[in-house]
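In: From the sequence below, what's the structure:
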Amino acid sequence: MSVAGVVVREDGRVLVIRRADNGRWEPPGGVLELSEGIEDGVRREVYEETGIKVHVERLTGVYKNMTLGVVALVFRCSPAGGYERLSDESTAVAWLAPDEVMTRMSEAFSVRIADALTDGMAPHIRTHDGRNLTDRSGN
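Out: Residues are numbered from 1 along each chain as shown. Take a look at the predicted model:
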């Protein structure tokens, strides 16, 4: 099981990383540790990859990579301190405007941010092949 945090600043910009392993832009996240709670894992992953501490606000989506069989839980978060920094897992950390997300990320990851920016909705449930959505219904 993996988790990711869509961290949204007051000005609407979203925290993203360029992954060291594949060069792709994505929300920060990763695999939960065996003894770790889900929200603790979100906080740890975001901090490890970006240097930003977060408050976890709500679950915004469940995404399954049909090729790899990985399920990701994505949470909307707000920044709670820290400073941007690189890690072994990130070669860049940036705060992007929502329209910039679409030009830098594959559909499978940009939709996670779009879903997190939708207020008042139940969590979205989507499938993808690692780059493109395979189910466009969203629920």
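In: what's the distance between the nearest residue to Arg131 once chain neighbours are set aside and Arg19?
Out: The shortest distance from Arg131 to any non-neighbouring residue, by Cβ to Cβ, 6 or more residues apart in numbering, is to Ser106 (4.4 Å). C-beta here means a position set from N, CA and C on the backbone, and glycine is covered the same way. Taking Cβ to Cβ, to the nearest Å as the measure, Ser106 falls 12 Å from Arg19.
In: same thing with Arg85?
Out: Counting by Cβ to Cβ, the gap between Arg85 and Arg19 amounts to 15 Å.
In: Leaving out chain neighbours, which residue sits closest to Gly61?
Out: In space, and not counting its chain neighbours, Gly61 is closest to His124: 4.1 Å by Cβ to Cβ, 6+ apart.
In: how far away is Val6 from Gly69?
Out: Look at Val6 and Gly69: by Cβ to Cβ, they are 23 Å apart.
In: now Trp95
Out: Separation of Trp95 from Gly69 (Cβ to Cβ) stands at 32 Å.
In: and if you look at Val111?
Out: Val111 sits at a distance of 19 Å from Gly69 (criterion: Cβ to Cβ).
In: where along this protein do the strands fall?
Out: Remark: strands of the chain, listed N- to C-terminal, are 2-7, 14-19, 25-26, 29-31, 52-65, 70-82, 90-96, 124-128; assignment by DSSP state E.
In: Is it possible to get a markdown table of those that adds mean pLDDT?
Out: Putting the strands of the chain into a markdown table (pLDDT from 0 to 100) gives the following:
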| stretch | mean pLDDT |
| --- | --- |
| strand 2-7 | 98 |
| strand 14-19 | 97 |
| strand 25-26 | 96 |
| strand 29-31 | 96 |
| strand 52-65 | 97 |
| strand 70-82 | 97 |
| strand 90-96 | 97 |
| strand 124-128 | 94 |
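In: tell me the most buried of those strands?
Out: Among these, the stretch with the highest mean neighbour count (mean count of other Cβ atoms under 10 Å) is strand 2-7, at a mean of 26.
In: Just want the angle from that strand to strand 90-96.
Out: Taking axes from the mean of the first three to the mean of the last three Cα atoms, to 10 degrees, strand 2-7 and strand 90-96 form an angle of 40 degrees between their directions.
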